[in-house]
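Engineer: A structural model of the following input is requested.
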Amino acid sequence: MVGINLDLKSTWEALKSHFWRLVGTAVLVWLIVGVVAAVIFIVPIVLIAVVAFASSSGDSLWFLSFLLLIIPLGIAVTVWVSVRLYFATLIAVVEGATPPTALRRSWALTKGAFWRILGRMLLMSIIVSIVVGLLGGTISAVIMFATSVLPWAVTAFLLALVSALISGLAMPFSASYTSLMYVDERVRKENLGPVLAQAFETSRGSQA
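Structural biologist: Model prediction:
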């Protein structure tokens, strides 16, 4: 669909056939990241708490120190797995891949690109946070200023509504940015550039 502008209805029609594939992939990614986080990050914290309450001997202090060194490693591994599976849901929709295939494709596509993808993810998060914070803070301040004439329930409803709307406005930006990252990785690794150029020329010819 290169060069074609889709409205909301057309976008839903294009995504409808991939809906359950998208949901299955998202759940699978969530489960994998959750299990990794539980095994490598949460479990050491629980062990630290158990040992700390059970004993105060010198041996337990060494054990606690060892576990405290494991926690940063657990965080790093969890982030690494999250980045390697970052494109899985997008691949499930764009390529029509099954959840297992989407996971394998994402893993292969992000190979050797961890720091580049992580940096772009952080940049996107910072930009979204700043924009959402500025808009949300400004509008919330206006609403709070109006609390002198509005009932408390109305104020709470408006604040929740503004928060939901601003978050919704940020989602298209995040999705577009992620799509560009996905295309960039495919251009780098799979020589997608000529294919996109040909599709764009075909699209222009059909619209002429």
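Engineer: longest helix of this structure?
Structural biologist: Of all the elements of type helix in the chain, the one with the most residues (DSSP state H) is helix 152-190.
Engineer: mind listing the helices for this protein?
Structural biologist: Using DSSP H, the helices of the chain run over 8-16, 19-37, 43-54, 58-84, 88-94, 99-109, 114-145, 152-190, 193-207.
Engineer: which regions of the protein sit below the pLDDT cut-off?
Structural biologist: For the chain, the stretches flagged by pLDDT under 70 are 1-15, 48-49, 51-64, 66-67, 143-144, 146-155, 193-208.
Engineer: And it, what are its domain boundaries?
Structural biologist: Residue ranges for the domains of the chain, per automatic domain parsing: 1-110, 112-208.
Engineer: Please state the offset of the longest helix of the chain from the chain centre?
Structural biologist: What separates the centre of helix 152-190 from the centre of its chain is 10 Å, taken as C-alpha atoms, centre = their mean, to the nearest Å.
Engineer: Mind giving me the packing neighbours of that helix?
Structural biologist: helix 88-94, helix 99-109, helix 114-145, helix 193-207 (3 or more C-beta pairs under 8 Å, 6 or more residues apart in numbering; DSSP states H and E). C-beta here means a position set from N, CA and C on the backbone, and glycine is covered the same way.
Engineer: sorry, back to before: which of the helices of the chain is buried the deepest?
Structural biologist: Per-stretch averages of neighbours, counted by mean count of other C-beta atoms under 10 Å, single out helix 88-94 among the helices of the chain, with a mean of 23.
Engineer: Please write out the alpha-carbon positions of it in PDB.
Structural biologist: Once non-C-alpha atoms are left out, helix 88-94 reads as follows in PDB (Å, rounded to 0.1, in the frame of the first residue of the first chain):
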ATOM      1  CA  ALA A  88       6.900  -9.200  16.100                       C
ATOM      2  CA  THR A  89       3.400  -7.700  16.200                       C
ATOM      3  CA  LEU A  90       4.100  -5.400  13.200                       C
ATOM      4  CA  ILE A  91       5.400  -8.400  11.200                       C
ATOM      5  CA  ALA A  92       2.300 -10.400  12.100                       C
ATOM      6  CA  VAL A  93       0.200  -7.700  10.400                       C
ATOM      7  CA  VAL A  94       2.500  -6.500   7.600                       C
END
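Engineer: Next up, phi/psi of the most centrally placed residue in the chain, please.
Structural biologist: The residue lying closest to the centre of the chain (C-alpha atoms, centre = their mean) is Y86, at 6.7 Å. Phi and psi for Y86, reported as degrees, to the nearest 10, are phi -60, psi -40.
Engineer: ok, it - contacts?
Structural biologist: Contact analysis of Y86 by C-beta atoms under 8 Å, 6 or more residues apart in numbering lists S106, T110, I117, M121, T178.
Engineer: circling back to that earlier point, need the helices and strands packed on helix 152-190 in a markdown table with distance to S17, can you?
Structural biologist: Formatted as a markdown table, those follow (distance: least, C-beta to C-beta, whole Å):
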| stretch | distance to S17 |
| --- | --- |
| helix 88-94 | 10 |
| helix 99-109 | 15 |
| helix 114-145 | 28 |
| helix 193-207 | 20 |
